[in-house]
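Undergrad: give me a model of this one.
(chains A and B)
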Amino acid sequence: MVRVTGNFQSESPLHPKAFEVLSAAFESGWADPAKLSQASTKAAQLRNNALETIGKALAVSVDSIVPISPTSLGYFLGIQGLLLNSSTLIHGATDRKDVFAIAAKTPHQLLKSDLDGKLIAAENAGRNSVLALQIANAETGVIQKCDEIIADVNSDHIFLDATTSGIRVPLVDDFSTALFDSRSWYGPSGIGFLIVKKPSQWSNPLPHLNAAHPNLDVSLPLLLASAVALENFSAEVEDASTEARKFNEQLRSAFSQMADVDIAGSLNSSMPHMLSASFLNCNGEELLRAIQNDGYSVDSGSACTADNLEPSHVLAAMGVLTHGNIRITIHPDTTQVEIDGLISSVTKNVNQQRS
Amino acid sequence: MNEIDARSLRCPQPIIELGKVISTMRHSDQVTLLSDDPATEPDLSAWSRMTGNKFEKISESTFVITKLSER
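TA: Below is the predicted model:
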């Protein structure tokens, strides 16, 4: 058994403060906040405090926050809830598959990507449309120029996918709904937050009796842990991003010195903690396993590592090499020793595969 | 024209087989690549950009590659 010393996968352990609060939350946050008992009153207070913390950190009003579980449900709620009043869905070729699934059931228009991962906006696509815009890509970390795309497309309903960007990239002012994933700030998995900024544009697409307030009942302990993680990561994010950018530069510099490497997007227009690199004539699965054997966990977008043997639609849309791909996520606890070890491992294993 | 039958081979094997053959070809020579792997078309696009060679899609699983560089 190989001991993994460096985790560079997109998933990570909970923020330590969130982990601390989780067990305490299960002890004191078990009651139904909607009932009138003493325990319920306490649970309701905890819930309200958590939502206030989240609203402050995300710079949105508490009334606009709809906690949801699982996060993927937020794509349906956030987009379909706007489509009830509009005709066409406009979205990017590098969006998550959740968005493609919604588009498959409605008239839609696809925004292509250039080699840098930037979406090419269709000018004046029409007012009666919904624009679903991913702020940062989940595979490559490429950040879109949201203001420019929104101005060019000129949709009257805008859904922002902030599940990857989290609090690292501020939301643009003009949007209808937005979706956050608790994991982006090292909170627990399985909980997200839909922001309904313009309630007049949104209708709950799920069967419901009270249209004004969607009651989706998320786990209170998960909500509390998510709020604590967000509050703490908000104080750390600047330092974490600076450190991640330094490590990311080292990785890009080292990989660029190797022959036939395709790095998706430039660091200047990407999330500082994410990197996707493809190595010509290498097998992604074998590369991933070899790196794992050296003690480092990474992700891959290559077809041979996917359940359906399809290559990454994100890399394909960008025109970046899809085979021999590894995805690296730098976490706040990543060390220089781990970065050095990962560079050595990747270099060695790519050279071995090519020889 | 040379032909590489890479049907049933999965990525990155079709591109690796292409690389072996193209290294033996002369400038402007062409080779037909048969591949039913879904990654082949996007990877040929990236491979062309990286190596300076050209490809044309003839059918769903047939590609004609023209050698235009020494790579």
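Undergrad: what's the first helix or strand after the lowest-mean-pLDDT helix or strand in chain A?
TA: Least confident helix or strand of chain A, by mean pLDDT, DSSP states H and E, is helix A:16-28 with a mean of 81. Remark: after helix A:16-28, the chain's next helix or strand is helix A:38-58, criterion DSSP states H and E.
Undergrad: tell me the gap between that following helix and the middle of its chain.
TA: When C-alpha coordinates are averaged (C-alpha atoms, centre = their mean, to the nearest Å), helix A:38-58 and its chain have centres 24 Å apart.
Undergrad: ok, now stretch A:270-278?
TA: With C-alpha atoms, centre = their mean, you get 13 Å for stretch A:270-278.
Undergrad: what residues sit buried inside that stretch?
TA: A:270-278 (16 or more other C-beta atoms under 10 Å in any protein chain shown). (C-beta placed from N, C-alpha, C; glycine too.)
Undergrad: picking up where we left off before, could you check the angle the least confident helix or strand of chain A makes with helix A:38-58?
TA: Helix A:16-28 runs at 160 degrees relative to helix A:38-58, counting by axes from the mean of the first three to the mean of the last three C-alpha atoms, to 10 degrees.
Undergrad: so the residue lying closest to A:Q336 once chain neighbours are set aside is in which element?
TA: Nearest residue to A:Q336, sequence neighbours excluded (C-beta to C-beta, 6 or more residues apart in numbering or on different chains): A:F247, at 7.6 Å. Assigned by DSSP H and E, A:F247 falls within helix A:220-256.
Undergrad: give the other helices and strands that that helix contacts.
TA: On a contact count with 3 or more C-beta pairs under 8 Å, 6 or more residues apart in numbering or on different chains; DSSP states H and E, helix A:220-256 meets helix A:16-28, helix A:38-58, strand A:261-263, strand A:274-279, helix A:336-354.
Undergrad: how distant is that helix from the center of its chain?
TA: 13 Å.
Undergrad: please name whichever of the helices and strands packed on helix A:220-256 is nearest to A:T177.
TA: helix A:38-58 (13.1 Å; C-beta to C-beta).
Undergrad: hmm, who's touching the closest one?
TA: A:25, A:28-34, A:61-62, A:64-65, A:67, A:167, A:171, A:180, A:193, A:195, A:220, A:223-224, A:226-228, A:230-231, A:234 (C-beta atoms under 8 Å, 6 or more residues apart in numbering or on different chains).
Undergrad: of the residues you listed, select the buried ones using a PyMOL command.
TA: Listed next is the PyMOL selection for buried residues among those, using 16+ other C-beta under 10 Å:
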select buried, chain A and resi 25+29+31+33+64+65+67+167+171+180+193+195+220+223+224+226+227+228+230+231
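Undergrad: related to what we said a few turns ago, buried stuff in the least confident helix or strand of chain A?
TA: Buried-residue list, helix A:16-28, by 16+ other C-beta under 10 Å: A:18, A:21-22, A:25.
Undergrad: just the buried positions in stretch A:188-199, please.
TA: Residues of stretch A:188-199 classed as buried under the neighbour-count rule (16+ other C-beta under 10 Å) are A:188-198.
Undergrad: contacting residues around it?
TA: Stretch A:188-199 is contacted from outside by A:11, A:14, A:18, A:22, A:54, A:58, A:60, A:64-71, A:73-74, A:77-78, A:81, A:163, A:175-183, A:202, A:218-219, A:222-223, A:225-226, A:229, using C-beta under 8 Å, 6+ apart.
Undergrad: count of neighbours near A:I79?
TA: Neighbour count of A:I79, defined by other C-beta atoms under 10 Å in any protein chain shown: 26.
Undergrad: grab the nearest non-local neighbour of residue 26.
TA: With no chain named, the answer covers chain A. Once flanking residues are discounted, A:F26 sits nearest to A:P221: 4.8 Å by C-beta to C-beta, 6+ apart.
Undergrad: my question was about chain B
TA: Leaving out its chain neighbours, the residue that sits closest to B:R26 by C-beta to C-beta, 6+ apart is B:K67, at 7.0 Å.
Undergrad: from chain A, how far out is that neighbour?
TA: 16 Å (C-beta to the nearest C-beta, to the nearest Å).
Undergrad: wait, B:I65 sits on B:T51?
TA: No: the pair B:I65 and B:T51 does not pass the contact test of C-beta atoms under 8 Å, sitting 9.8 Å apart.
Undergrad: more neighbours, those two?
TA: Between B:I65 and B:T51, B:I65 has the larger neighbour count (other C-beta under 10 Å), namely 24 against 19.
Undergrad: between the lengthiest helix in chain B and strand A:274-279, how many degrees?
TA: The longest helix of chain B (DSSP state H) is helix B:40-51. For helix B:40-51 against strand A:274-279, the angle by the same axes, to 10 degrees is 90 degrees.
Undergrad: contacts (any at all) between chain A and helix B:40-51?
TA: Yes: for helix B:40-51, a contact with chain A is found by C-beta under 8 Å from any C-beta of the partner chain, at B:42-43, B:45-47, B:49-50.
Undergrad: given the next helix or strand along the chain from that helix, what are its sheet partners and their directions?
TA: Next helix or strand after helix B:40-51 toward the C-terminus (DSSP H and E): strand B:54-59. Here strand B:54-59 has these sheet partners by DSSP bridges: strand B:62-66 (antiparallel).
Undergrad: starting at the chain centroid, how far to stretch A:268-286?
TA: 17 Å.
Undergrad: what about that stretch, how long is it end to end?
TA: Taking C-alpha to C-alpha, to the nearest Å, stretch A:268-286 runs 30 Å from one end to the other.
Undergrad: I'd like the buried residues of stretch A:188-199 as JSON lines, with distance to A:D262 appended.
TA: Formatted as JSON lines, those follow (distance: C-beta to C-beta, whole Å):
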{"residue": "A:P188", "distance to A:D262": "34"}
{"residue": "A:S189", "distance to A:D262": "30"}
{"residue": "A:G190", "distance to A:D262": "34"}
{"residue": "A:I191", "distance to A:D262": "35"}
{"residue": "A:G192", "distance to A:D262": "32"}
{"residue": "A:F193", "distance to A:D262": "34"}
{"residue": "A:L194", "distance to A:D262": "35"}
{"residue": "A:I195", "distance to A:D262": "35"}
{"residue": "A:V196", "distance to A:D262": "39"}
{"residue": "A:K197", "distance to A:D262": "38"}
{"residue": "A:K198", "distance to A:D262": "40"}
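Undergrad: just these now: which is nearest A:G265?
TA: Nearest member of the buried residues of stretch A:188-199 to A:G265, counting by C-beta to C-beta, is A:G192, at 24.5 Å.
Undergrad: who's that closest one bridged to?
TA: Beta bridges link A:G192 to A:I68, A:D181, judged by DSSP bridges.
Undergrad: now do the SS call for the residue of the stretch 1-150 of chain A found nearest chain B.
TA: The nearest approach of the stretch 1-150 of chain A to chain B comes at A:L115, 7.9 Å away (C-beta to the nearest C-beta). The three-state label given to A:L115 by DSSP: H, G, I helix; E, B strand; the rest coil is coil.
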